[in-house]
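Student: Got a sequence here, can you build the structure:
(chains A and B)
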Amino acid sequence: MSPSLLVGCAAGFSGDRTDAARPVVDTLLARGGPACLIFETLAERTLALAQLARAVNPDAGYEPLLDEMLRPVLADCLAHGIPVVGNFGAANPRAAARRVLALAAEVGARRPRVAVVEGDDLSAPGHRALLLQALREAGTPLGPARGGPAPGGAAARPGGPDGDGIASANAYLGAEGIARALRAGADVVVTGRVADPSLTVGPALAHFGWADDDWDRLARATMAGHLLECGAQVSGGYYADPGFKDVPDLAHVGFPIAEIDADGGCVVFKADATGGRVDEHTVKEQLLYELHDPAAYLTPDVVADISAATVEQVGPGRVRLAGVRGHPRPASLKALVFRRTGWLAEGEISYAGPGAEARARLAARVLRERWGERPDEAGTLRLDLLGVCSVFGDDAGRALAASPAGDARDVRLRVATRQPTRAAAERLAREVTALYTCGPAGGGGVRTALRERLGSLACLVPRGQVPARVEFLS
Amino acid sequence: MSLDLPLTVPLRWAAHGRTGDKGNRANISVIAWHPALYPLLLEQVSEAAVARCFAARQPSRVTRHALPTLHALNFVLDEVLDGGVNDALNLDSHGKTLAFALLDLPLQVPADLRACLKIPPAPAGVPSG
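Tutor: Model (predicted):
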């Protein structure tokens, strides 16, 4: 029977801590045995932003922190045969792979065998018919981009060759391409969009040689991957609630490692000599994170079923996940399409001291009144009073209207609107700034921000039409 | 107050949870601190109670999934994120903060289960010392 496989996770999103990998790799080396290091750096939005970056610079479009993430550990991983698997290729896996090769040379390591897994990117014109069909079937047929071309010539910018505003379109590939690359001897596997748990399932498939319809084992490895995919979120990150859920040395929270057995079962622990905690409760919170029907967690590899799963502490800082079952994988792959959908404008101003809340509420009424006086340009104006009612509130202002006027003494008014054009969005910034001289007394600290909005549409594409391609960089 | 009377405590004393998001849909887990508290969650943290808690956000549907082997509930709230991470005007476009709105829900706890609760050292919200 194959020995267990250790899978360490060193990043849970784009922009995660770059000092996370070192303790994970030190722990993998200290334990010995087969191991793999994964980086998950692609939230839903990240890929659209990466496509926009690539459109400006053909060598960009991969994880901006790739160097900082890999540099501290690449040489050791290569020297000790710990493959690195990451979706840090984002919109440009080849450029990321070239960067990995250069980085290996810079740190004096041997030249790695770097594989790219592609096939997820459906934004090219050749895929447009497939995409439009999938969006129609999803009930969200693509109309013209909202608001038409923005001033400055949106239509001329890359990403929307047909004027449909599409910035990115990617299918969620599964583990098979990663497994194929590893079986062929890859030291580093660079992917674009793959399902997050597939970063773990791929190495497990390659290591244990499971059949691709071994649903129970695939499901167990998938849930191990699910526990790992958000980095520290299983090991004490995003968990602390003083007095209720205390976490030791959160400032140095350790990243997780899963010990996966030949049946796909796993024990989760964290990197040695780090802060954080792994117990029954941290694991349950992450197990249910971003999960809908527990009997049907859909991935490209398998439908995982945790409806009878158990989570058990089996040692200090060691938790076993068991009882996961699997069902045949879906016939289709999920794809996510991002479109340019206009502009988001935000503005903020602070009030403090006696009467602060009353002055902030008056400022809100002033903005609302002036906004409504030009209904042809209006659109929703969202109002929040930070310190009174904000993130729990709603766009229509029901929660804020229902909140009794109090005597909060440090209040920040925030307003936000979405507008089809940049010019319309800029009007909000002017209205907020004008509160300095035309609004209630003592307002200060105005900040305004403007950014392009990206709306997402989900659809399903037939699996056979989006095969994963694996290629080694020469 | 007699020790035999049921206690009314914030859900946070009996359970913990986390919000996740996909598009315009949020899920919120509610995980019992102790297996003996799980039946109370089943009985009192209903789909209707959760829908009331988020009434201002007008979710189009609230679905509860029970996970008896984990002593946990998973709530799925459709169209609760005012468009979701890419569309919402909310400062917290992911809805990541929402679990703590739910954890404020009042829960009736029989006095004999008091020892199963997570009771903070000082009353919640009151600084000690």
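
Student: Next to chain B, which bits of the stretch 301-450 of chain A? Give me the list.
Tutor: Within the stretch 301-450 of chain A, the residues that sit near chain B (C-beta under 8 Å from any C-beta of the partner chain) are A:306-311, A:323, A:338, A:341, A:344, A:380, A:382, A:384, A:386, A:390-395, A:398-399, A:402, A:414, A:416-418. All C-beta atoms are positioned from the backbone trio N, CA, C, and that covers glycine.

Student: What count of nearby residues applies to the residue in the stretch 101-250 of chain A that chain B sits nearest to?
Tutor: In the stretch 101-250 of chain A, the residue that lies nearest chain B is A:G243 (3.8 Å; C-beta to the nearest C-beta). The number of residues packed near A:G243 is 13, by other C-beta atoms under 10 Å in any protein chain shown.

Student: give me the element the residue of chain B found nearest chain A is part of.
Tutor: Nearest to chain A, among the residues of chain B, is B:G20, at 3.3 Å (C-beta to the nearest C-beta). B:G20 belongs to strand B:19-22 when assigned by DSSP states H and E.

Student: ok, now which ones touch the nearest residue to A:C36 once chain neighbours are set aside?
Tutor: Among residues not flanking A:C36 along the chain, A:P203 sits closest, at 4.1 Å (C-beta to C-beta, 6 or more residues apart in numbering or on different chains). Contact analysis of A:P203 by C-beta atoms under 8 Å, 6 or more residues apart in numbering or on different chains lists A:5, A:7, A:36, A:38, A:83, A:85, A:178-179, A:182.

Student: Among these, which one is most surrounded by other residues?
Tutor: A:I178 (33 neighbours).

Student: What is the helix or strand encompassing that residue packed up against?
Tutor: Using DSSP H and E, A:I178 sits within helix A:176-183. On a contact count with 3 or more C-beta pairs under 8 Å, 6 or more residues apart in numbering or on different chains; DSSP states H and E, helix A:176-183 meets strand A:114-118, strand A:188-191, helix A:198-208, strand A:469-472.

Student: what's the angle between it and helix A:198-208?
Tutor: Calculated by axes from the mean of the first three to the mean of the last three C-alpha atoms, to 10 degrees, helix A:176-183 forms an angle of 40 degrees with helix A:198-208.

Student: close enough to count as contact, A:V366 and A:V432?
Tutor: No. The pair A:V366 / A:V432 is not scored as a contact, 10.4 Å apart, by C-beta atoms under 8 Å.

Student: more neighbours, those two?
Tutor: The residue with more neighbours, out of A:V366 and A:V432, is A:V432; 24 against 17, by other C-beta under 10 Å.

Student: any chance you could read off phi and psi for A:L173?
Tutor: For A:L173, the backbone dihedrals (degrees, to the nearest 10) come out as phi -80, psi 160.

Student: who does it bridge with?
Tutor: For A:L173, the beta-bridge partners under DSSP bridges are A:V194.

Student: Could you name the helices and strands sitting against the least confident helix or strand in chain B by mean pLDDT?
Tutor: One helix or strand of chain B scores below all others by mean pLDDT, DSSP states H and E: strand B:19-22, with a mean of 92. Strand B:19-22 makes packing contacts with strand B:25-32 when contacts are defined by 3+ C-beta pairs under 8 Å, 6+ apart.

Student: what do you get if the cut-off is 10 Å, keeping everything else the same?
Tutor: strand B:25-32, strand B:72-78, helix B:99-102 (3 or more C-beta pairs under 10 Å, 6 or more residues apart in numbering or on different chains; DSSP states H and E).

Student: What number of residues are in the vicinity of the residue of chain A found nearest chain B?
Tutor: Nearest residue of chain A to chain B, counting by C-beta to the nearest C-beta: A:E290, 3.3 Å away. Residue neighbour count, defined by other C-beta under 10 Å, stands at 18 for A:E290.

Student: And the contacts of the strand holding B:G20?
Tutor: Strand B:19-22 has contacts (C-beta atoms under 10 Å, 6 or more residues apart in numbering or on different chains) with A:44, A:230, A:233, A:285-286, A:288-292, A:334, A:336, A:456, A:458, B:26-29, B:74-77, B:80-81, B:84-85, B:88, B:92-102.

Student: Give the buried subset of the residues you listed as a PyMOL selection command.
Tutor: In PyMOL, a selection of the buried entries from these looks like this (16 or more other C-beta atoms under 10 Å in any protein chain shown):
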select buried, (chain A and resi 44+230+233+285+286+288+289+290+291+292+334+336+456+458) or (chain B and resi 26+27+28+29+74+75+76+77+80+81+84+85+88+92+93+94+95+96+98+99+100+101+102)
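
Student: can you pull the pLDDT of A:R422?
Tutor: pLDDT, A:R422: 94.

Student: Could you check how far it is from A:G342?
Tutor: A:R422 sits 9 Å away from A:G342, taking C-beta to C-beta, to the nearest Å as the criterion.

Student: What average pLDDT does stretch A:171-183 get?
Tutor: 98.

Student: ugh, wrong one, stretch A:112-123
Tutor: Here the average pLDDT along stretch A:112-123 is 97.

Student: Kind regards, and thank you for your time.
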